[in-house]
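Chemist: got a predicted structure here, sequence first:
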Amino acid sequence: MVESIGSGGVPEGVSRLRVRTVEILPGEVVLIDQLALPHEERYVRCRTWQEVAARITDMTVRGAPAIGVTAAGGLALAAAAAAAASPADPDGFRAALEQAAGGLLATRPTAVNLRWAVHEMRLVWTACDGPPAACAARLLARAQAILSGDIESCLRIGEHGSALFKAGDTILTHCNAGALATAGYGTALGVVRAAFARHGGISVLVDETRPWLQGARLTAWELGVEGIPYRLISDSMAGHFIQRGAVDGVVVGADRIAANGDTANKIGTYTVSVLAKEHGVPFYVAAPLSTVDLTLGSGAGIPIEERAEAEVTSFHGHRVAPDGARAYHPAFDVTPAANIAAIVTEAGVLRAPFAQSLATACATGECGS
C-alpha cells in the first residue's frame, strides 16, 4: 500500500544544501569533486560527454540519482558538439548521440537511474525533427528539467519520510544518500534533514562505509554542514548499537529496486538490514521512482558492479594490504524485500506487498523502466 501525508508542501524550515552537486550549463557540466571531500571543496568542469563518463567511472560523482542527472548533462554536451560538427546532418547528429549514450551507459551498470536518464534524453532526440542545433537546445532543456525534477522529488521524499520519526530518535544510515548522491537535498539524508527540521532532536549514527568511506567522508560532512548531530561508527559497530536499543530506525538509499521490492544499495546494506530485522528496528529505503526497475522480478536479476581490487587493498593510493594480497570488490549487495519496512518515494511511503505498491506508484510516476 501507499501512505501519503497530504499536500501541504515541504516542512517549514527545510532548505536545500548550500552545495550544488551537479549543475548543467550551456557548454559544461559542473560537478563537486567528491573525491576531494571532506578536506577540500572543489569543482570539476566537464565540457565533453567523454569527460562526464570518466568522472562517473572514477566516482568524482556518485549516487544513483546524481549519476542519472550527470549523464543527462553529458548527453546535452554531446548534442551541442554533434550539432556544431554536423549542422545540416540529422542522421550524423543522432548517430553521435547514440555513441555517447552507449559510452555513458557502460560506466556504472547497477544504478538504473542512469538508464532512465539516457532513455528520457533519447525520447527527445528521436522525436526532434528540426535541425541539430534546435534539437541540441531541446536536449539541454530536458537535462536541466531532469536536474530540477530530482531536487523536487527528493524534497517530497523527505516530507513523506519525516513522518516516520519523532523528536529524540536516533537514525542509522549507510553510505551517502544525501545531497551529494542526488542533484540536491538527498534521499535517505533528505528524510533525516526533513525529520530534523520537523521534529528537532534527531541524531544520526553514520556507518563509515568501507572501502570508499562514503559515510565517513561525505555523510558526516553533509550532516556537519547542516548542523545535525551525528556520531561516526565503523561498519562493524552497527550491530552493537542496534542490539543495545540505541537505534530507532535505519534509512538508506538505493541504486535499483526490483519489482518485488528487493533493493540494491552500497555493499554492507544487506548486513545492516539483517541486524535491524533481528532486533525489530524498522529498516527504510528512500529513493525516487526513477530507481524502480519493474523489468526485474527480483533482486536476483540486478547486475552487481565489480570494482578494482586495488580499491580494497589500497586507500588514496597507499597500499594497506600485503603485497600480493587479492581482494573481492562487489560495490553493491541486495537487501530482500522481507527486510524492508517501507520504501519512501516522492509518491508516498510504500508498504508491502511491494509488488502491488510499486506497480501502483509507477503507474502514476516516472519509474526507471
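Modeler: Received, thanks. Numbers count the residues shown, from 1 in each chain.

Chemist: switch to C-alpha atoms for all contacts and neighbour counts from now on
Modeler: Fine.

Chemist: what is the neighbour count of the closest residue in space to Asp333 that isn't next to it in sequence?
Modeler: Distance criterion Cα to Cα, 6 or more residues apart in numbering; nearest residue to Asp333, sequence neighbours excluded, is Ile267 at 4.9 Å. Neighbourhood size, Ile267 [other Cα atoms under 10 Å]: 20.

Chemist: repeat that for Gln243.
Modeler: 15.

Chemist: check which element follows the helix or strand Asp333 falls within along the chain.
Modeler: Using DSSP states H and E, Asp333 sits in strand 332-335. Sequence order places strand 342-345 as the next helix or strand after strand 332-335, per DSSP H and E.

Chemist: who does that next one pair up with?
Modeler: Using DSSP bridges, the strands paired with strand 342-345 are strand 283-286 (parallel), strand 348-350 (antiparallel).

Chemist: the helices in the stretch 201-350 of the chain, which residues?
Modeler: Under the criterion DSSP state H, counting those that start in this stretch, the stretch 201-350 of the chain contains helices at 214, 220-226, 238-243, 269-278, 310-313.

Chemist: before we move on, the earlier item: paired strands for the strand holding Asp333, with orientation please.
Modeler: On the basis of DSSP bridges, the sheet neighbours of strand 332-335 come out as strand 263-266 (antiparallel).

Chemist: check the offset of the partner strand from the chain's centre.
Modeler: The chain centroid and the centroid of strand 263-266 are separated by 10 Å under Cα atoms, centre = their mean, to the nearest Å.

Chemist: hmm, who's touching that strand?
Modeler: With Cα atoms under 8 Å, 6 or more residues apart in numbering as the test, strand 263-266 has contacts from 110, 174-175, 252-257, 299, 302, 331-337.

Chemist: for the helix or strand where Ala355 lies, buried residues please.
Modeler: Secondary structure from DSSP H and E places Ala355 in helix 354-364. For helix 354-364, a neighbour-count test (16 or more other Cα atoms under 10 Å) marks 354-359, 361-362 as buried.

Chemist: domain parsing for the protein?
Modeler: What automatic domain parsing lists as the domains of the chain is 2-154, 159-364.

Chemist: what separation do you get for Gly149 and Val61?
Modeler: Per Cα to Cα, to the nearest Å, Gly149 is found 18 Å from Val61.

Chemist: lowest-scoring secondary structure element of this structure by mean pLDDT?
Modeler: strand 2-3 (a mean of 40; mean pLDDT, DSSP states H and E).

Chemist: tell me what the helix or strand following that strand is packed against?
Modeler: Toward the C-terminus, strand 2-3 is succeeded by strand 22-25 as the next helix or strand (DSSP H and E). Secondary-structure packing of strand 22-25 (3 or more Cα pairs under 8 Å, 6 or more residues apart in numbering; DSSP states H and E): strand 28-32, helix 64-85, helix 132-162.

Chemist: in the longest one, what's buried?
Modeler: Neighbour counts using 16+ other Cα under 10 Å place 132-133, 135-136, 138-144, 146-147, 150-162 of helix 132-162 among the buried residues.

Chemist: what angle do that helix and helix 64-85 make?
Modeler: 170 degrees (axes from the mean of the first three to the mean of the last three Cα atoms, to 10 degrees).

Chemist: that older thread, which of the domains of the chain has the lowest mean pLDDT?
Modeler: Note on the domains of the chain: domain 2-154 shows the lowest mean pLDDT, a mean of 89.

Chemist: and that one, how far out from the chain middle?
Modeler: For domain 2-154, the distance from its own C-alpha centre to the chain's C-alpha centre is 13 Å (Cα atoms, centre = their mean).

Chemist: for stretch 186-204, same thing?
Modeler: Relative to the chain's own centre, stretch 186-204 is displaced by 17 Å; criterion: Cα atoms, centre = their mean.

Chemist: and what of stretch 360-369?
Modeler: 17 Å.

Chemist: now swap in stretch 222-236 and tell me
Modeler: 18 Å.

Chemist: hey, C-alpha coordinates of it in PDB?
Modeler: Provided in PDB are the C-alpha atoms of stretch 222-236 (Å, rounded to 0.1, in the frame of the first residue of the first chain):
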ATOM      1  CA  GLU A 222      26.900  16.900   4.900                       C
ATOM      2  CA  LEU A 223      25.500  16.500   8.400                       C
ATOM      3  CA  GLY A 224      28.100  18.900   9.800                       C
ATOM      4  CA  VAL A 225      27.200  21.400   7.100                       C
ATOM      5  CA  GLU A 226      23.500  21.100   8.200                       C
ATOM      6  CA  GLY A 227      24.200  21.200  11.900                       C
ATOM      7  CA  ILE A 228      22.600  17.800  12.500                       C
ATOM      8  CA  PRO A 229      24.200  15.900  15.500                       C
ATOM      9  CA  TYR A 230      25.900  12.700  14.400                       C
ATOM     10  CA  ARG A 231      28.500  10.100  15.600                       C
ATOM     11  CA  LEU A 232      30.600   8.200  13.100                       C
ATOM     12  CA  ILE A 233      30.900   4.500  13.700                       C
ATOM     13  CA  SER A 234      32.800   1.700  11.900                       C
ATOM     14  CA  ASP A 235      30.600  -0.700   9.900                       C
ATOM     15  CA  SER A 236      31.300  -3.400  12.400                       C
END
